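Q: pasting the structure only:
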């Protein structure tokens, strides 16, 4: 299928099932965090999945490639990103499996209805609104800073959207881990599994992957850490496996 590209847009190969994605380097491109989340999330056969703040649709597209889920939906506030995501869905002929909806994370449970998904994923903005923010209307700033939604909005809406026992998967920054766990417990999305991501074996972690279960019992497994690089420019075997190389 031929898809028209707009100014500064490009098509990138995802190295999975021949899938590709449309991105605009002048706005915001997906990073390793989204790919790692797609590798951490577990989607069972027949499950329905929602990605909160999907950007250009990278997580629903990768999860469709990696799992046997029944249907995948991405919710995105910025119409420009949502439009790229929809065209990527068409580009990959996934319109029967993936939907992109324009809307606000804060209204997600009103848009879709309570207890409507088996799995909810999110790669939300990491930085609080005032932390290093220069231009609040810039697409990159919106992706990185809590301008239109905050961590509590994400966890609260995930809790409402999940079916009882449903799973929530999120990638975030370790410096906010105490807040993450507190909010998950508050909204009864019990933390069940966690993995810290380190750029190098001798550096501090710079990402955390966490799974919660709606209404789950209090017991969490901390998995072995994920190391990204063996040396500069050379990924570890686990990273190559997640990327599908």
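A: Noted; the coordinates are in hand. Everything numeric here is computed off the predicted structure, so don't read it as measured data.
Q: Quick check: buried residues in the biggest helix by length in the chain?
A: The longest helix of the chain (DSSP state H) is helix 79-91. Using 16 or more other C-beta atoms under 10 Å as the burial criterion, the residues of helix 79-91 that qualify are 81-89, 91. From N, CA and C alone the C-beta is placed, and that goes for glycine too.
Q: Also stretch 180-191?
A: 180-181, 183-184, 187, 189-191.
Q: What is the neighbour count of residue 229?
A: Using other C-beta atoms under 10 Å, residue 229 has 15 other residues around it.
Q: So it versus residue 201, what's the distance?
A: For residue 229, the distance to residue 201 equals 9 Å [C-beta to C-beta, to the nearest Å].
Q: before we move on, what about residue 94?
A: 37 Å.
Q: try residue 193
A: Taking C-beta to C-beta as the measure, residue 193 falls 22 Å from residue 201.
Q: where does this protein have low pLDDT?
A: Residues of the chain that meet the criterion pLDDT under 70 lie in 1, 127-147, 245.
Q: can you pull out the helices in it?
A: Going by DSSP H, the chain shows helices at 32-40, 58-66, 79-91, 108-112, 139-144, 151-161, 177-186, 237-243.
Q: Which one of those helices lies nearest to residue 24?
A: Of all the helices of the chain, it is helix 79-91 that lies closest to residue 24, at 6.7 Å by C-beta to C-beta.
Q: what is the orientation angle of that closest one with helix 58-66?
A: 20 degrees (axes from the mean of the first three to the mean of the last three C-alpha atoms, to 10 degrees).
Q: Could you name the helices and strands sitting against helix 79-91?
A: Helix 79-91 makes packing contacts with strand 20-24, helix 58-66, strand 71-76, strand 98-102 when contacts are defined by 3 or more C-beta pairs under 8 Å, 6 or more residues apart in numbering; DSSP states H and E.
Q: between these, which gets nearest to residue 8?
A: Across the helices and strands packed on helix 79-91, closest to residue 8 is strand 20-24 (C-beta to C-beta), at 5.0 Å.
Q: Please enumerate residues in contact with the closest one?
A: Defining contact as C-beta atoms under 8 Å, 6 or more residues apart in numbering, one finds that strand 20-24 is touched by 3, 5-6, 8-14, 29-30, 56-58, 61, 80, 84, 87-88, 91-92.
Q: Can you flag the buried ones in those residues?
A: Neighbour counting over those (16+ other C-beta under 10 Å) leaves 3, 9, 12, 14, 29-30, 56-58, 61, 84, 87-88, 91-92 as the buried ones.
Q: I'd like to know which of these is nearest to residue 114.
A: Distance to residue 114, by C-beta to C-beta, is smallest for residue 57 among the buried ones among the contacts of strand 20-24, at 24.2 Å.
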